[in-house]
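>>> Sequence and predicted structure below; questions after.
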Amino acid sequence: MSFTTISTSLENGIYLITVNRPDKMNALNKTVIRELGEAIDHVYTKPDIRAAIITGSGAKAFVAGADISEFTSLNAAGGEALAKLGQDLVFSRIENCPKPFVAAVNGFALGGGCELALACHFRTASEQAKFGQPEVNLGLIPGYGGTQRLTQLVGKGRAMELMMTGNMIGATEAKDMGLVNHVTTAEELLPKTISIIQTIISKAPLAVAEIIKLVNIGAVGDPSGLEQEIYSFGQLFDTADAKEGASAFLEKRKAVFTGK
Ligand code: COA
């Protein structure tokens, strides 16, 4: 598979997806969205991929937003189609993927870039990271899920302020408000992210997939979340991994999970 605007690599089950347009701050044009969609297909379908990291190439940007040069010809129908295509191919599919997706934010994460990080299951950031939803400066609003996912993550007041001012915040402030889980030096960003993912992929994959599904259900305020948790909890007892987990604990050995 050869991509032109992203690069990918797979090591020890972890698929690293790097948005690769550093001269344009890794802005998301139509090709990036399509190629990210293809990379996400791989995560869904390839058994040897256990988890994915999304990051940006170069020292300055994670992703500085949707490509503004593609906005000039858009009317209402075109803008709506652009947002829908991105959400369908990329953002919602990352959020709902049964395998973990982590954003390793290495620089500017603005607009669609912040939303790309928000769609991931959690975020790590380097000290250089900057987050913001500056669409209001263009007379626009976030279109790749920002009004919903940012609010879920940091609360209504903070989300309102970030989106209505268009201001950027740094990594420490982003961590303080729960937007990112860990802040590292630039050099440590990928090693730290990989180390967290290694822990996750040593666990039972079906249990991890249920956690992702149920947390997503709760995050949108679906009142059936507790009922669905009871059901999923029960279903997992019928998996080989749950039997292995309990046996390994009782036999004082490390569990070996198979995803069955
Ligand atoms: N879409 C298209 N091109 C973008 C872009 C975007 N979202 N963000 C940056 N670029 C391009 C710039 O146009 C410039 O291209 P050029 O060299 O051909 O002129 C190049 O990337 C470098 O950006 P530049 O603005 O010169 O870098 P900077 O360090 O001065 O500023 C940013 C960096 C990220 C603060 C600034 O580029 C910016 O504000 N970008 C737009 C962010 C935004 O509004 N995103 C939401 C879009 S909905």
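Structure received.
>>> And stretch 28-38, what's buried?
Under the neighbour-count criterion of 16 or more other CB atoms under 10 Å, stretch 28-38 has Leu28, Asn29, Val32, Ile33, Arg34, Glu35, Leu36 buried. For the C-beta atoms, the positions are set from N, CA and C on the backbone; glycine is no exception.
>>> The fourth one is in contact with Val90, isn't it?
Put plainly, it is Ile33. Yes. Counting by CB atoms under 8 Å, Val90 is a contact partner of Ile33 at 5.8 Å.
>>> ranges for the strands of this structure?
Along the chain, the segments classed as strands by DSSP state E run 6-11, 14-19, 51-56, 61-63, 101-105, 108-110, 122-126, 130-132, 168-170, 182-184.
>>> of all the ones you listed, which lies closest to Ile211?
strand 122-126 (11.7 Å; CB to CB).
>>> so what secondary structure elements neighbour that closest one?
strand 101-105, helix 171-176, strand 182-184, helix 189-201 (3 or more CB pairs under 8 Å, 6 or more residues apart in numbering; DSSP states H and E).
>>> tell me what the third one is packed against?
The one in question is strand 182-184. Packed against strand 182-184 by the contact rule (3+ CB pairs under 8 Å, 6+ apart) you find strand 122-126, helix 171-176, helix 189-201.
>>> can you rerun that using 7 Å?
Here strand 182-184 touches strand 122-126, helix 171-176, going by 3 or more CB pairs under 7 Å, 6 or more residues apart in numbering; DSSP states H and E.
>>> Would you mind finding the most buried of those?
Of the helices and strands packed on strand 182-184, the one with the most neighbours on average (mean count of other CB atoms under 10 Å) is strand 122-126, at a mean of 25.
>>> Now do that one: everything it contacts.
Strand 122-126 is touched from outside by 102-106, 117, 171, 174, 179-186, 189, 192-193, with contacts defined as CB atoms under 7 Å, 6 or more residues apart in numbering.
>>> Among these, the buried ones, what's the PyMOL command?
Only the buried entries of these go into this PyMOL selection, using 16+ other CB under 10 Å:
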select buried, resi 102+103+104+105+106+117+171+174+179+180+182+183+184+189+192+193
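>>> Please parse the protein into its domains.
Domain assignment of the chain by automatic domain parsing yields the ranges 6-201, 205-250.
>>> how long is the longest one end to end?
Domain 6-201 stretches 24 Å from its first residue to its last (CA to CA, to the nearest Å).
>>> picking up where we left off before, adding distance to Thr258 and mean pLDDT, write the domains of the chain out as TSV.
Below are those laid out as TSV (distance: least, CB to CB, whole Å; pLDDT from 0 to 100):
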stretch	distance to Thr258	mean pLDDT
domain 6-201	11	98
domain 205-250	6	97
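>>> Please identify the deepest-packed of those domains.
Buried most deeply of the domains of the chain, by mean count of other CB under 10 Å, is domain 6-201, with a mean of 19.
>>> So is that one next to the ligand?
Yes. Using CB under 6 Å from any ligand atom, domain 6-201 reaches the ligand at 24-25, 27, 64-69, 108, 110-112, 134-135, 138.
>>> Spatially nearest residue to the residue positioned nearest the centre of the chain, not counting backbone neighbours?
Of all residues in the chain, the one closest to the mean position by CA atoms, centre = their mean is Cys120, 1.4 Å from it. The spatially closest residue to Cys120, leaving aside those adjacent along the chain, is Ala103, at 4.0 Å (CB to CB, 6 or more residues apart in numbering).
>>> which residues pair with the one you found across the strands?
Ile54, Arg123 (DSSP bridges).
>>> And it, how far from Ile54?
5 Å (CB to CB, to the nearest Å).
>>> Now the common contact residues for the two.
With CB under 7 Å, 6+ apart, Ala103 and Ile54 have common neighbours Leu116, Cys120.
>>> give me every residue that touches Thr258.
By CB under 7 Å, 6+ apart, the neighbours of Thr258 are Ala240, Asp241.
>>> Please report how far it lies from Leu236.
Taken as CB to CB, the span from Thr258 to Leu236 is 14 Å.
>>> try Ile212
Ile212 is 14 Å from Leu236, by CB to CB.
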